[in-house]
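In: sequence and predicted model, in that order:
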Amino acid sequence: MMIKSLALICLVAQASAFAPAAFTARQSSVRTNTASLSQAAEGSSHNVPGPPYAGPQFKPILDSIKSPADMKSLDMREIKQLANELRWEVLENVSKTGGHLSASLGVNELTVALHYVFDAPEDSIIWDVSHQCYGHKVLTGRRDRFPTLRQAGGLSGFCKRSESEYDCFGAGHSSTSISAAQGMSVAKSLLNKRKNNCIAVIGDGAITGGMAYEAMNNAGYLKNRMIVVLNDNGQVSLPTGTQSAGGVIPASQLSAYTSNLLVSKPFQDFRDFAKSFNRLLPENVQGVNKRIDEYARGIVSGGTLFEELGFYYVGPLDGHDLDNLIPILEKLRDSPSSKPVLLHIKTTKGYGYPPAEQASDRMHGVGKFDLGTGVQFKTKATAPSLTSIFANALIDQATEDRAIVGITAAMPGGTGMDIFGRRFPKRTFDVGIAEQHAVTFAAGMATEGLKPFCCIYSTFMQRGYDQVIHDVAIQNLPVRMMLDRAGLVGNDGPTHHGVYDLAYMGTIPNLTIMAPSDEVELKNMVATCAAFDDGPTVLRYPRGVGYGVEKLRNFFGYEFESDEIPKGQVVPIGKGRIIRRPGGMKTEANGANTRGRERKDRVAILSFGTRLEESLIAANAVEESDPNLGVTVADARFMKPLDVDLVRELADDHSVLITVEEGSIGGFGSHVLHFLTLDGAMDEGNLKFRPMVIPDTYFEAGTQYEQYEAAGLNARHIKGTVLRLTNRIKVPVLQEQD
């Protein structure tokens, strides 16, 4: 009896001692939160009247915030008002610019709480992926530039160190925050910095990435001070709920694990947290309270995965409840412990804006939209997207070949695997944010006779590079790697451009690498990949839409029997095609054409990928400007194996050869030049060669056209290159100034 009484007295004293004075002065009491997961999820936008939906007409609290330091004097009522004003500031601006909306809405209260409790930039707040950083940008002195979000010369849509001292670590890809926070924490400790608060905010999707586990494993081993905030919103893939072999649940067993934690116990409030705070206290105090802590936590929490990795686990908490979130963050901030902490919060993606909460994709990535209704302003497309064309072409092949399966790494919507999954759910596999696993998973399938199509953005395939070499290419396994978003991608900026795959894939033996010039070729190449079993293949294609039947006929010269593009046909491996000869599209070789009679007046443009359209426009413009010049345009189709017969023909018959591609230096043009030098085509000095590539720099946010304009790869740049090399225009020589 005495022991039980002592335990009760200690618990009460402990809870009282942990109540922060500044916090208790702002409110009379902390509410007891016994809401279950289902109760927390329902009705989160009941207090938002509409439609039409509208925010506050004035934002007096937000108007007073020029930096996070201005938040420190606010009381709880004002903090909550600030959170509401911030949410609508993000909504109002993103409705005009487009961007990643719902992620920022989901962490709105967390953003306010973190900047209220911690002292950034001295305290390091690292946002994983950082597409949820819009509110963070507004609070850290960038509100006046927020209308320029994701536009040329404007704010980045992600954290960017060169943009603000508050962006302590840049991102765009997932699962990096815990490693970065750990590195910062160790550095602060070794440098004896006065404060060492490093906070990594990571979602339940990003934490599925292997790098996050590597970092947690090492953090528990090193026992360095850091806080990991696990933002659990049940949105592992984009969109979550795609039909696949695993069903329509989130593609992550960890997500199921954290959901079980939420269901098995109520949200923690501050008093619950106080009872279990013991493990972060000095060891002598821990000894006194050890038995009490066992009673307080007991079976309710159990030995969690995170605790086994060496973290002190706190949660689950309602991530929208500032009354509890702020005091708990304050105690974690003030704890003398060097043990890493994982704070598990449950949030609703798109919280506070009903159209986002109700959308299947939670309005993750949006264009401009009507704020009152949530309806996006979408221009009517002249043709389907290349992603959907790919997906439907794969369905055509899979209908006839049961060995074909599709794999995505948490991007079913972006890669077209959601379309494929609706037709073949049992043959669709979403592995979560795990590109390395996706590639080797596909390799294992290939060993047993399946035909895996591993569909990953070009920029994300960088993360599976070793697996491409070690697990696929060395074993010559017929894995089909589909690289969506190849080339410059527009408003997402440098972290998402797919400009390096030709360079990094081109060095690997056994790979067959191809790129379509249009949607007809895309369908043909999907069929070609399906039929090719002699080794791994890579098919890259850009973000954007097709040209449509009318343009394919009138501009590219296709002849269709109907108004529908036919099913894809297998094309010969390593064989390109000549699209245009001097005089125009219909001109026959050796026909009655007066252009380019002399070799010095003949120019060849060899395009790889969808720069073919710009090459044809440039060829027409060149011939219109000069009656003697004759321009041939060819579509390479393949980088590996290179069509050496086509390259030889172009080099022999023309005095100028220009390659054009949507990739960096070291890609297609480098392969062509390498062949020409080894073949002796450059030895006589009568062939001028120029590779037109993505320049060796990073391209910030803007439209795809603006980025290709800056890269010098649009039609006018190709035309200018032709005219310079044929001595039709002179390049001005820069003079040194005295």
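Out: All right, it came through fine.
In: next SSE downstream of the host helix or strand of A200?
Out: Assigned by DSSP states H and E, A200 belongs to strand 198-203. For strand 198-203, the following helix or strand on the C-terminal side (DSSP H and E) is helix 210-222.
In: tell me the helices and strands packed up against the next helix or strand after that next one.
Out: Remark: after helix 210-222, the chain's next helix or strand is strand 227-232, criterion DSSP H and E. If contacts are counted by 3 or more Cβ pairs under 8 Å, 6 or more residues apart in numbering; DSSP states H and E, strand 227-232 sits against helix 108-117, helix 177-190, strand 198-203, helix 253-264, strand 341-346. Yep, even glycine has a C-beta here, placed from its N, CA and C like the rest.
In: parallel or antiparallel, list what pairs with strand 227-232.
Out: Strands that pair with strand 227-232, judged by DSSP bridges, come out as strand 198-203 (parallel), strand 341-346 (parallel).
In: now tell me what touches the next helix-or-strand element following the last one from outside.
Out: It refers to strand 341-346. Using DSSP H and E, the helix or strand that follows strand 341-346 towards the C-terminus is helix 354-358. Applying Cβ atoms under 8 Å, 6 or more residues apart in numbering, the set of residues contacting helix 354-358 from outside is 44-45, 48, 50-51, 53, 101-102, 105, 348-351, 362-363, 373-375.
In: residue boundaries of the strands in the stretch 401-550 of the chain?
Out: Taking DSSP state E, counting those that start in this stretch as the test, the strands found in the stretch 401-550 of the chain are 404-408, 428-430, 451-457, 480-484, 512-514, 537-540.
In: could you say what helices and strands the last one packs with?
Out: So that's strand 537-540. Against strand 537-540 (3+ Cβ pairs under 8 Å, 6+ apart) you get strand 480-484, helix 501-506, strand 512-514, helix 519-531.
In: so which of the ones you listed gets nearest R194?
Out: helix 501-506 (42.7 Å; Cβ to Cβ).
In: I'd like to know which elements the closest one is packed against.
Out: Using 3+ Cβ pairs under 8 Å, 6+ apart, helix 501-506 sits against strand 512-514, strand 537-540, strand 638-640, strand 656-664, helix 668-678.
In: in CSV, list these along with mean pLDDT.
Out: Output for those, formatted as CSV (pLDDT from 0 to 100):
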stretch, mean pLDDT
strand 512-514, 98
strand 537-540, 98
strand 638-640, 98
strand 656-664, 98
helix 668-678, 98
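In: mind checking the helices and strands packed on strand 227-232 for the one nearest to G544?
Out: strand 198-203 (28.0 Å).
In: what angle separates the closest one from helix 108-117?
Out: 180 degrees (axes from the mean of the first three to the mean of the last three Cα atoms, to 10 degrees).
In: average model confidence for strand 198-203?
Out: Model confidence over strand 198-203, given as mean pLDDT, is 96.
In: buried ones in it, by neighbour count?
Out: For strand 198-203, burial by neighbour count (16 or more other Cβ atoms under 10 Å) applies to 198-203.
In: if we can go back for a sec, now the contacts of helix 354-358: which count as buried?
Out: Looking at the contacts of helix 354-358 with 16+ other Cβ under 10 Å, the buried ones turn out to be 44-45, 48, 53, 101-102, 105, 348-351, 362-363, 374.
In: mind picking the two most distant members of the residues you listed?
Out: Y53 and K349 (16.9 Å).
In: pick out the lowest-pLDDT one from the buried ones among the contacts of helix 354-358.
Out: S44 (41).
In: quick one: end-to-end length of stretch 199-209, please.
Out: 18 Å (Cα to Cα, to the nearest Å).
In: any idea how far E661 is from V526?
Out: 21 Å (Cβ to Cβ, to the nearest Å).
In: check R194 too.
Out: Taking Cβ to Cβ, one finds R194 at 59 Å from V526.
In: okay, these two: which has more neighbours?
Out: Set R194 next to V526 and count neighbours by other Cβ atoms under 10 Å: V526 wins out with 28 against 6.
In: for stretch 453-467, measure first residue to last.
Out: Per Cα to Cα, stretch 453-467 runs 15 Å from first to last residue.
In: and it, how far from the chain's centre?
Out: Stretch 453-467 sits 12 Å away from the centroid of its parent chain (Cα atoms, centre = their mean, to the nearest Å).
In: can you list the buried residues in it?
Out: 453-465, 467.
In: can you redo those as TSV with distance to G490 and pLDDT?
Out: Conversion of the buried residues of stretch 453-467 to TSV gives the following (distance: Cβ to Cβ, whole Å; pLDDT from 0 to 100):
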residue	distance to G490	pLDDT
F453	25	98
C454	24	98
C455	20	98
I456	19	97
Y457	13	97
S458	14	97
T459	13	96
F460	16	96
M461	19	97
Q462	19	96
R463	21	95
G464	23	96
Y465	24	97
Q467	28	98
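In: looking at those residues, spot the one nearest M482.
Out: Out of these, the member with the shortest distance to M482 (by Cβ to Cβ) is C455, at 4.3 Å.
In: quick one: buried residues of the longest helix anywhere in the chain?
Out: Using DSSP state H to define each element, the chain has its longest helix at helix 76-97. Neighbour-count burial for helix 76-97 flags 79-91, 93-95, 97 (criterion: 16+ other Cβ under 10 Å).
In: among the helices and strands packed on helix 501-506, which comes closest to E165?
Out: Per Cβ to Cβ, nearest to E165 of the helices and strands packed on helix 501-506: strand 656-664, 30.2 Å.
In: and that closest one, which strands flank it?
Out: strand 602-608 (parallel), strand 688-694 (parallel).
In: which residues sit in contact with G669?
Out: 659, 661, 691-693 are the contacts of G669 under Cβ under 8 Å, 6+ apart.
In: any chance of those in CSV, plus distance to H496 and neighbour count?
Out: Putting these into CSV (distance: Cβ to Cβ, whole Å; neighbours: other Cβ atoms under 10 Å) gives the following:
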residue, distance to H496, neighbour count
T659, 25, 27
E661, 19, 29
P691, 24, 19
M692, 22, 21
V693, 19, 24
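In: ok, D534 to L477 distance?
Out: Distance from D534 to L477, by Cβ to Cβ: 11 Å.
In: which of the two has more neighbours?
Out: L477 (19 against 10).
In: show the backbone phi and psi for the more buried one.
Out: phi -90, psi 140 (degrees, to the nearest 10).
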